[in-house]
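**Student:** Have a look at this prediction, sequence included:
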Amino acid sequence: MDLSNMSIGELRSLQDRATQEIKARQDEEVAKAREQILAIAQSVGVSLDDLVRSSKAVKVSKKAAVQYRHPENASLEWTGRGRQPHWVKAWVDEGKSIDGLKT
């Protein structure tokens, strides 16, 4: 296929058709994989629920709570984890106690 002789419209149409074909093939592959997985599970006597459920509990991590907040700019906050932000370092370098930033 010689793309150099195609117009922009023809190229875009080809691109759209190719995108649709890729999506269709991906959907087919997922369906085939799902069927294979279910067949294997059934052959060993495992239910779909047992197959999907993890043997280890899933740990849901939540965002750490803010421990320190700048007294003049409330949008500057720090959880106390990791490296100190520049504004915290500047605060401490001025000789002020980090406890003055506690929320």
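**Tutor:** Arrived safely, thanks for sending. Residues are numbered from 1 along each chain as shown.
**Student:** same for the lengthiest helix in the chain, what does it pack against?
**Tutor:** As assigned by DSSP state H, the longest helix anywhere in the chain is helix 8-43. Packed against helix 8-43 by the contact rule (3 or more Cβ pairs under 8 Å, 6 or more residues apart in numbering; DSSP states H and E) you find helix 48-52. From N, CA and C alone the C-beta is placed, and that goes for glycine too.
**Student:** roughly how far is the helix it packs on from the heart of the chain?
**Tutor:** Remark: helix 48-52 is offset 24 Å from the chain centroid, using Cα atoms, centre = their mean, to the nearest Å.
**Student:** Stretch 1-10 now?
**Tutor:** 38 Å.
**Student:** Tell me which other helices or strands the helix or strand bottoming out on mean pLDDT in the chain touches.
**Tutor:** None of the helices or strands of the chain scores lower by mean pLDDT, DSSP states H and E than helix 48-52, at a mean of 77. Applying 3+ Cβ pairs under 8 Å, 6+ apart, we find helix 48-52 packed against helix 8-43.
**Student:** Can you give me the buried ones in the helix it packs on?
**Tutor:** The neighbour-count check on helix 8-43 (16 or more other Cβ atoms under 10 Å) flags nothing as buried.
**Student:** Now do that helix, average pLDDT.
**Tutor:** Averaged over helix 8-43, pLDDT sits at 94.
**Student:** rewinding a little: what's the offset of the longest helix of the chain from the middle of its chain?
**Tutor:** 23 Å.
**Student:** could we number from 8 for the rest of this?
**Tutor:** Got it, first residue is 8 now, which makes that one helix 15-50.
**Student:** quick one, what contacts the nearest residue to Gln74 once chain neighbours are set aside?
**Tutor:** Closest residue to Gln74 apart from its sequence neighbours, by Cβ to Cβ, 6 or more residues apart in numbering: Gly87 at 3.9 Å. With contact taken as Cβ atoms under 8 Å, 6 or more residues apart in numbering, Gly87 is in contact with Ala71, Gln74, Tyr75.
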